[in-house]
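**Q** starting from these lines, generate the structure:
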Amino acid sequence: MAAVLSKYTDNRDNNFNLIRFIAATIVLYFHSFPLALGPGFPEPVGRLIGMPLGGIAVDIFFVTSGFLIASSFFSRKNIIAFICARVLRIYPALIMAVIFCVFFVGLFFTTNAAVDYFSDPQTVKFFKRNVTLFWGVKYDLPGVFSDNPFKNAVNGSLWTLPYEVKMYSYLAIIGSVLFYIQRRFSKNILKITFLSIAILAVSINIINHFEVITSVKFSHLFSMFFVGAAFYLYRDNIYLSSRLFLLIFMTLVVSIINKDLFFIVYSILLPYMIFYIAYVPSGNIRTFNKAGDYSYGIYIYAFPVQQSIAAILPGISVFSMVLLSFGITFALAFLSWHLIEKKFLKMKGSYVLFEKMIKNVR
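**A** Model (predicted):
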């Protein structure tokens, strides 16, 4: 029986951790082909459907992020608390991953002398850009992985993070302006505006597929993120139905017969499928949610681990790359979650408590 999405969103009993874990693992699998064999060897499923599996995984991240970040912002209605929460989620683990790349991976694999490696402006730029994300990211370190099948890039997965931070900023700015307008003029424009943004973004994304009119990468990620945000705002109007999910899934499968058709159907229907899987399937599957959120750690450590394996084991097969890199990456992600991410996320509660104390004093 169908139920509105808002029925499920009041608690944390969902499958988001599992969905993001699978998405991060798909990225690892997707990168195993070019990192083991070279950039001329793309992943085969992507060739069939006309979309890379790694791109689909990133879309899953951005749709879920748009939904959850909208929940975080609109439930807090406090821009400072929102910024603190986002910083605590992204940067502590990221900084440790960048340190890992510079002081462990880079130092071990560089062909330069240690003094030359650390004094090279390229090393400094890699560290500064990747721990801030404000000026984009830098992928290469001096003398590192220059002989690998996929040359030079130390952590290519970081490219999505500046886009992620931009989406947070856009949502917070647009949301704050609309909150102000609603309070001042008593106009209920918040939901309508975000729905309009989502529809326009999806339309531009589809047009871009056939004729480029703006940045393809940006417009694509923007559409995924803001559709996720619109789903949150309209959670009282969206029904999660098993029959509808099955119909959508079958429509997506049939659309594979034409790559352009698949892209259109996929761009419109993917978000519904994600939220159905996130909230409706229950039972033993929900136990994964209690294990921890290892997706971010897998995402930010997989690429340098895979490049390291490619350098140590030249000619490694894709199958061996997937198995070996997943084992090592998961170990790093496990440590990242329990030693860094989880501890810093607890500080969000400390901020809320501190904020309440200040209000009480006033």
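**Q** buried set for the strand or helix carrying residue 194?
**A** Assigned by DSSP states H and E, residue 194 falls within helix 190-210. With burial defined by 16 or more other Cβ atoms under 10 Å, the residues of helix 190-210 counted as buried are 190, 193-195, 197-198, 201-202, 204-206, 208-209. From N, CA and C alone the C-beta is placed, and that goes for glycine too.
**Q** next one: stretch 306-315
**A** 306, 307, 308, 309, 310, 311.
**Q** hmm, back to that, how far off centre is the helix holding residue 194?
**A** 20 Å (Cα atoms, centre = their mean, to the nearest Å).
**Q** could you point out which element follows it?
**A** Next along from helix 190-210, by DSSP H and E: helix 216-233.
**Q** can you dump the C-alpha atoms of that next one in CSV for me?
**A** Output of helix 216-233 as CSV, limited to C-alpha atoms (Å, rounded to 0.1, in the frame of the first residue of the first chain):
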residue,chain,number,x,y,z
VAL,A,216,27.2,19.9,-19.0
LYS,A,217,28.9,18.6,-15.8
PHE,A,218,27.6,21.5,-13.6
SER,A,219,24.0,21.4,-15.0
HIS,A,220,23.8,17.7,-14.6
LEU,A,221,24.9,17.7,-10.9
PHE,A,222,22.8,20.8,-10.2
SER,A,223,19.7,19.0,-11.5
MET,A,224,20.3,15.9,-9.5
PHE,A,225,20.9,17.9,-6.3
PHE,A,226,17.9,20.2,-6.6
VAL,A,227,15.5,17.4,-7.6
GLY,A,228,16.6,15.7,-4.3
ALA,A,229,15.9,19.0,-2.5
ALA,A,230,12.4,19.3,-4.2
PHE,A,231,11.6,15.8,-3.1
TYR,A,232,12.2,16.8,0.5
LEU,A,233,10.0,19.9,0.3
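**Q** helices along the stretch 51-200 of the chain, start to end?
**A** 53-76, 79-100, 107-109, 114-119, 121-132, 160-185, 190-210 (DSSP state H, counting those that start in this stretch).
**Q** setting aside sequence neighbours, what's the nearest residue to residue 324?
**A** Nearest non-adjacent residue to residue 324, counting by Cβ to Cβ, 6 or more residues apart in numbering: residue 309, 5.8 Å away.
**Q** and the one you found, how far is that from residue 339?
**A** Distance, residue 309 to residue 339, using Cβ to Cβ, to the nearest Å: 23 Å.
**Q** now swap in residue 15 and tell me
**A** As defined by Cβ to Cβ, residue 15 lies at a distance of 25 Å from residue 339.
**Q** try residue 197
**A** 38 Å.
**Q** report the contact partners of the closest residue to residue 146 other than its chain neighbours.
**A** Take residue 146 and drop its neighbours on the chain: the residue closest to it by Cβ to Cβ, 6+ apart is residue 152, 5.9 Å away. Going by Cβ atoms under 8 Å, 6 or more residues apart in numbering, residue 152 touches 139, 140, 144, 145, 146.
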